[in-house]
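Participant: Model the following, please.
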Amino acid sequence: MKPFNPAFLAATAGSLKVILSANTAYGSATLGYGPATATSAPIVAVASGGIAPYTYLYSYVSGDATVYKVGFSPNIASWAITTSTPGTYISIWKCQVTDDVGHIAYSENITITLDILL
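Facilitator: You can find the predicted model right below:
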């Protein structure tokens, strides 16, 4: 086991960042005889810097609150809406990453656009 090095901790904690595979995601569905569910393409968040391991939390920021996150793994998410009302639903989200010593970094906003078509 390596000895504790406070200089290493200070140097790496300040460099925690979140990188997204994209900052927009789109999905669509066509209404049939009942509600339709539109699901977006996935977004991947990747942490760098800081002290691994990392935890990921996607949070709603603004826009249509009926859009919800569906997860694949802690750092990969898609969003969906289930409705019988045609229209375009736009929601803004972001990803918070926390490293092993409690430092936090936020991604840029993620714009989710989901269309329910007739």
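Participant: Show the contacting residues for Ile43.
Facilitator: Leu20, Ser21, Ala22, Ala25, Ile76, Ala77, Ser78, Cys95, Ile110 (C-beta atoms under 8 Å, 6 or more residues apart in numbering). Where you see a C-beta, it was placed from the backbone N, CA and C, and this is true even at glycine.
Participant: can we see that at 6 Å?
Facilitator: Leu20, Ser21, Ala22, Ala25, Ala77, Ile110 (C-beta atoms under 6 Å, 6 or more residues apart in numbering).
Participant: Just the buried ones among the residues you listed, please.
Facilitator: Leu20, Ala25, Ala77, Ile110 (16 or more other C-beta atoms under 10 Å).
Participant: any idea how far Lys94 is from the first one?
Facilitator: Applying C-beta to C-beta, to the nearest Å, the value for Leu20 to Lys94 is 9 Å.
Participant: Now do the shared contacts for these two.
Facilitator: Ser107.
Participant: Report the next helix or strand after the helix or strand of the chain with the lowest mean pLDDT in sequence order.
Facilitator: In the chain, no helix or strand scores lower on mean pLDDT, DSSP states H and E than helix 6-13, which sits at a mean of 46. For helix 6-13, the following helix or strand on the C-terminal side (DSSP states H and E) is strand 17-20.
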